[in-house]
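Engineer: can't give you the sequence, but here's the structure:
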């Protein structure tokens with residue numbers, strides 16, 4: 001029997017993401033270290049999904065900072081193109 005939980009809506013996107021979100025929520029009051037680990041994994045998974053959807057460079061060796069920098073760079077380029085078109 002599957003017990004319903006708040007992050008179940010994430011399962012169609014990623015069962016791993018739903019699991020990490022649930023574990024993150026459960027760890028908030030029990031272990032700060034575990035919470036930080038789950039938070040990092042959660043953010044890394046979200047960024048990986050975004051880079052896949054946007055068809056950006058998504059190499060396994062990329063770390064969290066690399067992914068954030070890549071998305072920031074792409075965002076800045078997008079804004080430059082928008083202003084150029086005005």
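Structural biologist: Okay, I see it. On a predicted model such as this, the values are computed, not experimentally measured, just so you know. Numbers count the residues shown, from 1 in each chain.
Engineer: mind checking which helix or strand residue 38 is in?
Structural biologist: Per DSSP states H and E, residue 38 falls inside helix 32-53.
Engineer: hmm, who's touching that helix?
Structural biologist: For helix 32-53, the surrounding residues in contact (C-beta atoms under 8 Å, 6 or more residues apart in numbering) are 13-14, 16-17, 20-21, 23-24, 27-28, 57-58, 64, 67-68, 70-71. Using the backbone N, CA and C atoms, a C-beta is placed for each residue, glycine as well.
Engineer: roughly how far is that helix from the heart of the chain?
Structural biologist: 5 Å (C-alpha atoms, centre = their mean, to the nearest Å).
Engineer: By mean pLDDT, flag the weakest helix or strand of this protein.
Structural biologist: Within the chain, no helix or strand scores below helix 64-85, which has a mean of 72 by mean pLDDT, DSSP states H and E.
Engineer: Quick check on the contacts of helix 32-53: which are buried?
Structural biologist: Buried residues within those, defined by neighbour count using 16 or more other C-beta atoms under 10 Å: 17, 20-21, 23-24, 27, 58, 67, 70.
Engineer: Can you pick out the most distant pair from the residues you listed?
Structural biologist: By the measure C-beta to C-beta, 27 and 70 form the most distant pair in the buried ones among the contacts of helix 32-53, at 28.3 Å.
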